[in-house]
Each structure stands twice: as C-alpha cells, then as structure tokens.
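1. have a look at this prediction, sequence included:
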Amino acid sequence: MWISVSATTRPQRPGEVDGVHYHFVTEDVFDGYVERGELLEWARVHGRHRYGTPRRPVEEVLASGRPALLEIDLAGARQVRAAMPAARFVFLAPPSWEELVRRLVGRGTETEEERERRLATARVELAAEPEFDVTIYNDDVRRATDELVGWMGLPAS
C-alpha cells in the first residue's frame, strides 16, 4: 500500500521530516499548486493552515495498480468523492470523545485555543461519519491497521 504525503502551510513540528510527514510549503507555493490544479483535494483546516494532496503521485500509483491511502479531513474526502466516485472512504474514529480529548491534550503541541478549535472541527467530522463506507475505531493501532489493510483487500502484516 502506498500512503500519500500531504502538502501543508503549517509550521513543521519537532521531529517531523519534510517530505516524509508532510511537504511543508509556504502560502505562495500552496497558492501555485491550487492555481495549476496540482492538488487532488485541499482545505483550510481548523480555520488556520491549508493542507492538500498532490494529484500526480496519487494518479501514478493508482495507474500502476497499487492501492493508495490518503489521510485527509472531511472537506478533502468530499472533494475526492466528487473527483473519484469509485474511491472507497474509511472513517477513522476515536474509541470515545473522552479519549480523543485525552490524546489531543496529551500531545502537548497545541495551545488551549488551538485545542478548542480542533475539538470544534472534530465535532463536525464525527457528525459526518455516515458519509463514509466503513468506520474503523482507533482503539488499538495494530488492530485498526489490520482492519484497514483487510478492508483494502491487502494481506495482513
């Protein structure tokens, strides 16, 4: 399975590697991607930074017959559904609201204001779960990964 690397305008966090975790780009570079139609989907997330999926790598992988996995938000999923109606959509859900909050707070990478913004976004996204083909609960990383891989029709690791 091939996993797409999104472009983002947000600052790089400690430990993140450009081109591995994200392609960290300026607002101007992102604007160019949008103007040239180089993104399969894109959105402003949490009202702040933009994220998007570079189109060419996804199309190349799919043309080779390999499955592609995109880690995208609700707005991105809706754009991909419109652009690629045959795509399949997985909703990765937290085990509970309380666990989602605990994980976000536990990261310690966001301010209180940013956490509240993210939680507001999460409420909207959780309400959209019925739009997806399947829901996988992220209660155990290994189990959730195996379920995702199985759902994609790939052999388990």
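-> Arrived safely, thanks for sending.

2. following the longest helix belonging to the chain, which helix or strand shows up next?
-> Longest helix in the chain by number of residues (criterion: DSSP state H): helix 112-127. Scanning forward in sequence from helix 112-127 by DSSP states H and E, the next helix or strand is strand 134-137.

3. quick check, pLDDT for residue 157.
-> Residue 157 carries a pLDDT value of 58.

4. again with residue 48
-> As predicted, residue 48 sits at a pLDDT of 87.

5. pretty sure it is touching residue 11, no?
-> No. With the criterion set as C-beta atoms under 8 Å, residue 48 and residue 11 do not qualify as a contacting pair; they are 10.6 Å apart. For every residue, glycine as well, the C-beta is placed using N, CA and C.

6. chain center to stretch 150-157, what's the gap?
-> Computed by C-alpha atoms, centre = their mean, to the nearest Å, the chain-centroid distance of stretch 150-157 equals 20 Å.

7. cool, stretch 50-70 as well?
-> If you compare the mean C-alpha spot of stretch 50-70 with that of the full chain, they lie 13 Å apart, counting by C-alpha atoms, centre = their mean.

8. related to what we said a few turns ago, and residue 48 and residue 11? Which one has more around it.
-> The neighbour comparison of residue 48 against residue 11 (other C-beta atoms under 10 Å) goes to residue 48, with 11 against 8.

9. quick one, what contacts that one?
-> Residues near residue 48 by C-beta atoms under 8 Å, 6 or more residues apart in numbering: 10, 117.

10. any idea how far it lies from residue 114?
-> Noted for residue 48: a distance of 8 Å to residue 114, by C-beta to C-beta, to the nearest Å.

11. quick one: neighbours of residue 43, just the number.
-> Residue 43 is flanked by 18 other residues according to other C-beta under 10 Å.

12. mind checking the SS state of it?
-> Of the three states, residue 43 takes strand according to DSSP: H, G, I helix; E, B strand; the rest coil.

13. and the residue nearest to it when sequence neighbours are not counted, helix, strand or coil?
-> Closest residue in space to residue 43, ignoring its immediate chain neighbours: residue 75 at 3.8 Å, by C-beta to C-beta, 6 or more residues apart in numbering. Put simply, residue 75 is helix when judged by three-state DSSP.
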